[in-house]
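1. quick one: sequence plus predicted model below, questions after.
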Amino acid sequence: MKNPRPLTRLSLPGTIVSPWKPRVREQTAAEVIKALADRDRQEAAGDRLAALGPSVVRLLIGELTDTASPVPPWEIEWVLAKRIGPAAYDQVLGALAAAPDEESRRRLSRAFSSLGTVDRYIEALSHPSASVRQSAAFGIQSACSVAYGREPNPDVDYGRVIDALIPLLADPDQDVAQRVRWVLTMLGPGVVGPLRRVRSHGPGRLRARALSVLAAVGGEEALSTADRAAVERLIRIKLPYDQARPLDTCFTSWITVPGGDQQGIVDVLDLFDARPATFALGLSVGAHDSHDGAEYGRVYVTPEVDGWTLVLGPWCNPVDPERAEDVLRVVTELSRRYGHAQAYHFGEQGGSSGWLVAEHGNVVRRYRASWDGNDARYTLGEPLPEERAVCIEEGVTPVGEDTAAGEEDDEEWADLAPYLATELARRLGVSPFGLGPDTTVRGAGIVALTPYAREHGRPSTGAYAI
C-alpha cells in the first residue's frame with residue numbers, strides 16, 4: 001500500500017492544508033480578522049491572531065488601511081500592539097514608511113507608536129521617513145512620559161532617550177521637530193542638564209530650540225543667568241517697534257480703564273514685580289493662564305491703546321464665582337479715580353459673556369450670560385443703552401422691555417447675550433479683540449503679579465512668544 005501524499009504545512013502556525021488548496025490558509029486568517037468586527041467573537045479572534053503571530057501582520061495591516069473594512073481600526077491596532085506586540089514592529093514600520101496616503105499613515109502611526117519598543121523607537125529616530133521619525137517620537141512619549149503625575153518607566157534609560165531626541169529639535173520636518181519639543185517637556189527634570197549643555201556648547205542649530213524647551217520644562221528658573229538676561233534684552237529691543245495685536249484667548253477676561261496711567265492702575269490694583277512685555281508676550285501669557293484652570297496670579301497690562309489701558313488675565317473676570325466680588329471692588333475703585341472703568345469676560349465659543357461697568361465710584365451695570373442657569377445672582381443695575389442698541393440691530397426686543405411675547409423674547413436675549421462682551425467693550429471704549437496695526441499705542445506693556453500671587457504663591461512660568 002502506497003503512503004498517502006503528505007499534507008503541506010504552510011507558514012500559518014496551526015493550520016495544515018492540502019497542496020491542492022493553497023489559498024485556504026489566507027482565507028482562514030482573513031475570516032478571523034473579520035471576526036474582530038463582531039463583539040461576541042472579538043476575544044476569541046484576538047486570541048487566535050495572537051497565536052498566529054507575525055505571519056498575519058501583513059493581513060492585519062491590509063485590513064487596517066482599508067477604509068471600507070467593517071472592522072474598527074482600533075481593534076486591529078489593539079491586536080497588532082498588544083496581542084502580537086514587538087514581533088509586528090518591522091512589518092508595521094515598513095508599511096508606515098511606504099504609506100500611500102494620509103489616512104493610512106495616521107492609522108499605521110497609531111499602531112506603530114503603541115508597540116512600546118523604546119529601544120527600537122530610538123533607532124527609528126534616524127529613519128529617512130519623517131512619518132516614521134514622528135511616530136517613533138510619539139511612541140517614546142507614550143512609553144516614557146512622566147507628565148500629569150505618571151511614574152517613570154523603570155525599563156527605560158531616560159538619558160539615552162533624551163540624548164537621542166535632542167538632535168531632532170532641528171529636524172528638517174517641522175512636524176517632527178514640534179513633536180520632539182513636546183516629548184522632551186514630558187520626560188522630567190533630567191532634560192535640563194543636557195539642554196543647558198546645548199545652550200552653552202552648541203551645536204548652534206539647536207540653541208534656540210533648546211531654550212524654548214528649557215522654558216517649557218522649568219520656566220524661568222530652568223534658564224541660566226545669561227539666558228534670562230538675553231531674554232530680557234530681546235524684549236527691550238523689540239518694545240520700541242512693538243505693534244498692537246488682537247488679544248484673544250479661548251477665555252478672555254480684562255479690565256478697561258480710560259487714559260494711559262499705567263503706573264496708577266498698577267498701584268490701585270496692588271500689582272507687583274512688573275516686567276516689560278510685548279503684545280505677543282502678553283497674549284502668550286494670557287493664553288497660558290486661561291487654559292487648564294484659571295491662573296489668577298498674573299496679568300498683562302497694555303500700554304495706552306487708542307486712549308485706554310487694558311489689564312488682561314483670568315484675575316479680571318467680573319463674573320467668575322471666585323473673583324466676582326473682588327473685581328467689583330477694584331473696578332469701582334478704578335472708576336472713582338479715573339471716572340470710568342469696566343471689566344469683561346468672553347468665552348470664544350460663545351458659551352459665556354460677562355460685563356461690569358462702573359462710573360465715579362458707582363456700579364452702573366453687571367451682567368452674566370451663560371448656559372448654566374446661575375446668572376441672575378450676578379445681575380446689578382439696569383440694562384445699558386448699548387445693550388438695547390445691539391438688541392434693536394439684531395431684531396430682538398430690547399432687553400428689559402415688556403412685550404406680549406415676553407417669554408419668547410427672553411429666549412432670544414438668552415441666545416444673543418453670551419456673544420455680547422466684545423461688542424459692548426468696543427461700543428463703550430476699546431475691545432482687546434479689535435487691536436491691530438492701526439491702533440494708536442503710547443508706552444510699553446508689562447506683565448505683573450497680582451495680590452493673589454502674594455497669598456497663593458507665584459504662578460509657574462513656561463515658554464512664551466516674545
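-> Happy to help now that I have it.
2. any idea how far the spatially most central residue of the chain lies from Val396?
-> For the chain, the residue nearest the mean C-alpha position is His291 (7.9 Å; CA atoms, centre = their mean). Noted for His291: a distance of 33 Å to Val396, by CB to CB, to the nearest Å. Just so you know, the C-beta spots here come from the backbone N, C-alpha and C atoms, and that holds for glycine as well.
3. just give the nearest non-adjacent residue to Trp371, would you?
-> Sequence neighbours aside, Gly351 is the residue nearest to Trp371 in space, at 6.4 Å (criterion: CB to CB, 6 or more residues apart in numbering).
4. oh, I was asking about Pro72
-> Per CB to CB, 6+ apart, closest to Pro72 is Ala37, 7.0 Å.
5. so what's the one you found up against?
-> Contact analysis of Ala37 by CB atoms under 8 Å, 6 or more residues apart in numbering lists 70-72, 75.
6. that one and Pro385, how far apart?
-> Counting by CB to CB, the gap from Ala37 to Pro385 is 62 Å.
7. same question, Gly282
-> Gly282 sits 31 Å away from Pro385, going by CB to CB.
8. ditto for Val217
-> 51 Å.
9. those two: which has the busier surroundings?
-> Each of Val217 and Pro385 has its neighbours counted (other CB atoms under 10 Å); Val217 has more, 21 against 11.
10. where along this structure do the strands fall?
-> Ranges of strands in the chain, per DSSP state E, are 8-9, 16-17, 251-258, 272-277, 298-301, 304-305, 308-312, 340-347, 352-359, 362-370, 380-381, 441-442, 445-449.
11. who are the packing partners of the third one?
-> Applying 3 or more CB pairs under 8 Å, 6 or more residues apart in numbering; DSSP states H and E, one finds that strand 251-258 makes contact with strand 308-312, helix 324-338, strand 340-347, helix 421-428.
12. and Ala404, what pLDDT?
-> In this model, Ala404 is scored at 48, pLDDT.
13. before we move on, what about Gly264?
-> At Gly264, the pLDDT value in this model is 96.
14. what number of residues lie near the residue nearest to Arg454 when sequence neighbours are not counted?
-> Excluding the flanking residues, the one nearest Arg454 by CB to CB, 6+ apart is Phe272, at 7.6 Å. Residues within reach of Phe272, counting by other CB under 10 Å, total 12.
15. please apply the same query to Ser104.
-> Other residues close to Ser104 by other CB under 10 Å number 19.
16. try Tyr121
-> Per other CB under 10 Å, the neighbour tally for Tyr121 reads 29.
17. and it, what does it touch?
-> Residues near Tyr121 by CB under 8 Å, 6+ apart: 136-137, 139-140, 143.
18. residue ranges with poor pLDDT in the stretch 1-150 of the chain?
-> 1-27 (pLDDT under 70).
19. and the helices in it, which stretches?
-> In the stretch 1-150 of the chain, the segments counted as helices under DSSP state H, counting those that start in this stretch are 24-34, 42-52, 57-64, 73-78, 89-97, 102-113, 118-124, 130-144.
20. excluding its backbone neighbours, what's nearest Thr440?
-> Nearest to Thr440 is Asp306, by CB to CB, 6+ apart, at 5.4 Å.
21. repeat for Ala170
-> Closest residue in space to Ala170, ignoring its immediate chain neighbours: Arg205 at 4.5 Å, by CB to CB, 6+ apart.
22. is that neighbour in contact with Pro172, as I believe?
-> No - with contacts counted by CB atoms under 8 Å, Arg205 stays clear of Pro172, the gap being 10.7 Å.
23. neighbour-wise, which of those two wins?
-> For Arg205 versus Pro172, the count of surrounding residues by other CB under 10 Å is larger for Arg205: 11 against 8.
24. so what pLDDT did that one get?
-> pLDDT, Arg205: 90.
25. for the one 3 residues further on, same thing?
-> Looking at Ala208, its pLDDT reads 86.
26. distance of it from Leu234?
-> 11 Å.
27. for Asp155, give its distance to Ala143.
-> According to CB to CB, Asp155 stands 9 Å off from Ala143.
28. okay, and the common contacts of those two?
-> The contact lists of Asp155 and Ala143 share Val118, where a contact means CB under 8 Å, 6+ apart.
29. pick out whichever of those two has more residues nearby.
-> Between Asp155 and Ala143, Ala143 has the larger neighbour count (other CB under 10 Å), namely 18 against 10.
30. picking that back up, filter the contacts of Ala37 to the buried ones?
-> 71, 75 (16 or more other CB atoms under 10 Å).
31. pull the distance from stretch 308-317 to the chain's centre.
-> The chain centre lies 22 Å from the centre of stretch 308-317; the measure is CA atoms, centre = their mean, to the nearest Å.
32. what's around the nearest residue to Ile392 once chain neighbours are set aside, how many residues?
-> Excluding the flanking residues, the one nearest Ile392 by CB to CB, 6+ apart is Pro398, at 6.1 Å. Other residues within reach of Pro398, judged by other CB under 10 Å, total 16.
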